[in-house]
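Asks: only the shape, not the letters, is given here:
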């Protein structure tokens with residue numbers, strides 16, 4: 001797979017900040033998302049749960065990249 005393919009997983013995490021009652025997430029390649037605090041909390045929990053599952057898959061050699 002090409003280094004900069006759309007299917008290549010990002011290795012650098014996004015940066016979250018709070019501004020005017022919103023959570024702003026700046027990611028790679030200009031990705032930006034504004035969320036309510038509630039949406040940011042739900043996203044954070046979902047990301048942590050998925051990261052734990054994905055780490056186990058990678059340990060077992062179950063990768064798609």
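Replies: Nice, thanks for sending it over. None of these values were measured; they are calculated from a predicted model. Residues are numbered from 1 along each chain as shown.

Asks: where along the chain do the strands fall?
Replies: 15-19, 22-26, 32-35 (DSSP state E).

Asks: mean neighbour count, the ones you listed: which tops it?
Replies: strand 22-26 (a mean of 16; mean count of other Cβ atoms under 10 Å). Heads up, the C-betas are built off the backbone N, CA and C, glycines and all.

Asks: list of residues touching that strand?
Replies: With contact meaning Cβ atoms under 8 Å, 6 or more residues apart in numbering, strand 22-26 is reached by 14-18, 31-37, 39-40, 43.

Asks: tell me the angle that strand makes with strand 15-19.
Replies: 150 degrees (axes from the mean of the first three to the mean of the last three Cα atoms, to 10 degrees).

Asks: returning to what we had before: turn the strands of the chain into JSON lines, columns for distance to residue 47 and mean pLDDT.
Replies: Putting those into JSON lines (distance: least, Cβ to Cβ, whole Å; pLDDT from 0 to 100) gives the following:
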{"stretch": "strand 15-19", "distance to residue 47": "11", "mean pLDDT": "97"}
{"stretch": "strand 22-26", "distance to residue 47": "10", "mean pLDDT": "98"}
{"stretch": "strand 32-35", "distance to residue 47": "12", "mean pLDDT": "97"}
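
Asks: turn these into JSON lines, including distance to residue 65.
Replies: What follows is the strands of the chain, written out as JSON lines (distance: least, Cβ to Cβ, whole Å):
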{"stretch": "strand 15-19", "distance to residue 65": "23"}
{"stretch": "strand 22-26", "distance to residue 65": "23"}
{"stretch": "strand 32-35", "distance to residue 65": "23"}
